[in-house]
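In: Fold the following.
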Amino acid sequence: MKELVEVIAKALVEHPDKVAVTEQTEGSTVKVDLRVDPSDMGKVIGRQGRIARAIRAVVKAAATRDNIAAEVNIDDGTAAESAPSGSEEQGN
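Out: Just a heads-up that it's a prediction; the model follows:
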């Protein structure tokens, strides 16, 4: 699944060298994380999420063929830097 997502994403973006795809397998589920340059997010998401839905549909079809479930997450790499850890708010 990783290779499939990587090929599709690199064909869509202006900065293919900044495309990073990771894959994690948990039981019969494969989780694929796609990271792209923040300036390329619009190209990967598409208008009203159409491109993102299409990527997920293709991956789901390939996964179904292999009798597994697949999940695709798309990130621009900035969310991890600015996301609160959660432990700071629990001091109430």
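In: what about the strands in this protein?
Out: Assigned strands in the chain, in chain order: 20-26, 29-35, 69-75 (criterion: DSSP state E).
In: Can I get the last one in PDB, CA atoms only?
Out: It refers to strand 69-75. Extracted in PDB, the C-alpha atoms of strand 69-75 (Å, rounded to 0.1, in the frame of the first residue of the first chain):
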ATOM      1  CA  ALA A  69      -8.500  -3.200   5.600                       C
ATOM      2  CA  ALA A  70      -6.600   0.100   4.800                       C
ATOM      3  CA  GLU A  71      -6.700   3.500   6.300                       C
ATOM      4  CA  VAL A  72      -5.000   6.600   4.700                       C
ATOM      5  CA  ASN A  73      -4.100   9.700   6.700                       C
ATOM      6  CA  ILE A  74      -2.900  12.800   5.000                       C
ATOM      7  CA  ASP A  75      -0.700  15.400   6.900                       C
END
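In: Each with direction, which strands does that strand pair with?
Out: strand 29-35 (parallel) (DSSP bridges).
In: Now do the same for the partner strand: mean pLDDT, whole number.
Out: Per-region confidence: strand 29-35 scores 95 on mean pLDDT.
In: The residue lying closest to Lys2 once chain neighbours are set aside pairs with what?
Out: Nearest residue to Lys2, sequence neighbours excluded (C-beta to C-beta, 6 or more residues apart in numbering): Glu23, at 4.1 Å. Glycine gets a C-beta too; all of them are placed from N, C-alpha and C. Legend: beta-bridge partners of Glu23 under DSSP bridges are Val32.
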